[in-house]
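J.: return a 3D structure for these sequence lines:
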Amino acid sequence: MNQAALLSDADTSSTSINDQSVQVKDHKVEYLSSLTALRGIAALLVAVFHFEMAAARFVPAAQSMFFEKCYLMVDLFFIMSGFIMLHVYSKDFDERIQGESLKKFFIARFARVYPLHLFSTLLLVVIVRYLTDWGNPPILLEQPSDILPNILLLHSFGFTKIYSWNIPSWSISAEYAAYLLFPFLALFLNRKRLIAVLLLAVFVVAAYYSIMYVLPRKNPINPAIPVPHNLNTTFDYGYIRGIAGFVTGMLVYLVYGLQSFKRAFSGDFVSILLMLGIGLSLHYALNDGVTVSLFALLVLSIAANTGKIATLFNSRVMQFLGDISYSIYLMQIFLQEPFSHGYQLPGTVGVGRGRQNIELFSGIFYCLIYLVLLIVISYISYRWLERPCRRFINHAWGK
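T.: Residues are numbered from 1 along each chain as shown. Reported below is the predicted structural model:
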């Protein structure tokens with residue numbers, strides 16, 4: 001049955017950025033399992049993007065910008081997160097913000113996000129400290145002074161001068177910023193629906209426009225190089241990007257609640273058309289606002305789909321990838337780490353992050369090996385760390 005399983009008190013409902021899931025208390029919610037698979041696809045595309053940045057670019061930008069633009073998959077995570085949070089927790093904040101609901105919400109979010117973030121950060125610090133002696137001297141991305149902001153989830157607020165340590169984890173900081181606002185946003189939407197929708201829609205447009213055209217962004221490696229008009233902000237204004245995507249997801253969920261729109265987006269044709277549109281938008285490097293808009297429609301379409309796309313996305317393989325997607329997202333850094341310290345794949349030409357190029361078929365071969373290893377590592381971390389920690393914290397403090 002497509003996405004129709006009702007969850008009991010002890011069950012979990014999947015959510016977005018990087019495979020976060022929640023415990024649902026006191027009410028039942030529909031399990032949107034197709035979004036779990038979508039999250040897995042997005043996590044793998046982020047991993048390929050970082051492979052091209054850290055190890056070897058095998059698709060030249062002159063031929064296609066598809067992988068070059070896959071940093072935008074993080075925005076898809078943010079949108080899915082806002083969508084699922086409102087789906088699961090809207091009733092907990094429909095009339096007022098109660099202490100018990102607030103406690104359960106934040107403990108569940110902490111349990112899902114923080115243990116693996118802390119583990120991966122500290123493990124990376126240990127590896128860099130004792131296996132490379134800080135790199136002799138430390139590289140720009142692994143400054144000891146940046147460790148504490150990373151641990152405290154402050155590394156999307158401008159507390160560091162560059163994306164650092166476990167680079168993808170800046171988005172966890174941005175996600176948590178959205179979590180802090182969520183109860184108030186949900187209450188606002190529940191009590192003042194029309195004005196809330198209008199104000200939040202204006203905020204989303206203003207936030208994305210500001211990131212691309214207004215905020216004084218600088219290239220962290222070479223400030224003399226102009227920053228493109230895109231959404232690829234991380235350590236500096238990443239929290240704005242995260243909140244904007246999260247709010248977009250919440251607004252999309254309101255559309256999902258309208259049965260006429262839900263039916264209109266439930267067919268395979270709409271889902272496939274949106275996927276093709278996103279592929280072309282990435283390939284031709286259209287304005288990031290266009291791609292993010294298509295992402296919002298894709299989340300609506302995949303959540304509503306009742307056709308063959310839903311059947312595919314609910315297959316065991318796709319659900320497995322979705323289940324381990326948070327581990328995929330955070331554990332990829334360990335396969336990229338050797339390249340940060342000078343290792344090069346055979347056949348690569350060029351030196352420096354994003355400037356190491358390799359022939360297409362060799363690059364595909366190495367990238368497939370990288371993805372297989374990443375999936376294995378991610379399953380291990382999911383099975384023996386991520387899931388047990390989540391269950392322990394929720395059992396101990398989430399009641």
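J.: C-alpha only now, for contacts and for neighbours.
T.: OK.
J.: can you give me the helices in the stretch 51-200 of the chain?
T.: Secondary structure of the stretch 51-200 of the chain (DSSP state H, counting those that start in this stretch): helices at 73-89, 99-131, 147-151, 170-191, 193-209.
J.: compare the ones you listed and give me the one nearest residue 315.
T.: Closest to residue 315 of those, according to Cα to Cα: helix 73-89, at 19.7 Å.
J.: which other helices and strands contact the closest one?
T.: helix 33-54, helix 170-191, helix 238-256, helix 288-304 (3 or more Cα pairs under 8 Å, 6 or more residues apart in numbering; DSSP states H and E).
J.: deepest in the core, which of the helices of the stretch 51-200 of the chain is it.
T.: Each of these was scored by mean neighbour count; the highest is helix 73-89, a mean of 27, by mean count of other Cα atoms under 10 Å.
J.: give me the angle between it and helix 170-191.
T.: 40 degrees (axes from the mean of the first three to the mean of the last three Cα atoms, to 10 degrees).
J.: what angle do helix 73-89 and helix 238-256 make?
T.: Using the same axes, to 10 degrees: helix 73-89 against helix 238-256 is 50 degrees.
J.: restricting to C-alpha, output helix 73-89 in PDB.
T.: This file holds the C-alpha atoms of helix 73-89, laid out as PDB (Å, rounded to 0.1, in the frame of the first residue of the first chain):
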ATOM      1  CA  MET A  73      20.300  18.400  -3.100                       C
ATOM      2  CA  VAL A  74      20.800  19.800   0.400                       C
ATOM      3  CA  ASP A  75      17.900  22.200  -0.400                       C
ATOM      4  CA  LEU A  76      15.800  19.200  -1.300                       C
ATOM      5  CA  PHE A  77      16.600  17.800   2.100                       C
ATOM      6  CA  PHE A  78      15.500  21.000   3.800                       C
ATOM      7  CA  ILE A  79      12.200  21.100   1.900                       C
ATOM      8  CA  MET A  80      11.500  17.500   2.800                       C
ATOM      9  CA  SER A  81      12.300  18.200   6.400                       C
ATOM     10  CA  GLY A  82       9.800  21.000   6.700                       C
ATOM     11  CA  PHE A  83       7.200  19.000   4.900                       C
ATOM     12  CA  ILE A  84       7.500  16.000   7.200                       C
ATOM     13  CA  MET A  85       7.800  18.000  10.400                       C
ATOM     14  CA  LEU A  86       4.500  19.700   9.700                       C
ATOM     15  CA  HIS A  87       3.000  16.400   8.700                       C
ATOM     16  CA  VAL A  88       4.000  14.700  11.900                       C
ATOM     17  CA  TYR A  89       4.000  17.500  14.500                       C
END
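J.: would you turn the helices and strands packed on helix 73-89 into JSON lines with distance to residue 130 and mean pLDDT?
T.: JSON lines is the format used below for these (distance: least, Cα to Cα, whole Å; pLDDT from 0 to 100):
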{"stretch": "helix 33-54", "distance to residue 130": "22", "mean pLDDT": "94"}
{"stretch": "helix 170-191", "distance to residue 130": "24", "mean pLDDT": "94"}
{"stretch": "helix 238-256", "distance to residue 130": "30", "mean pLDDT": "96"}
{"stretch": "helix 288-304", "distance to residue 130": "40", "mean pLDDT": "96"}
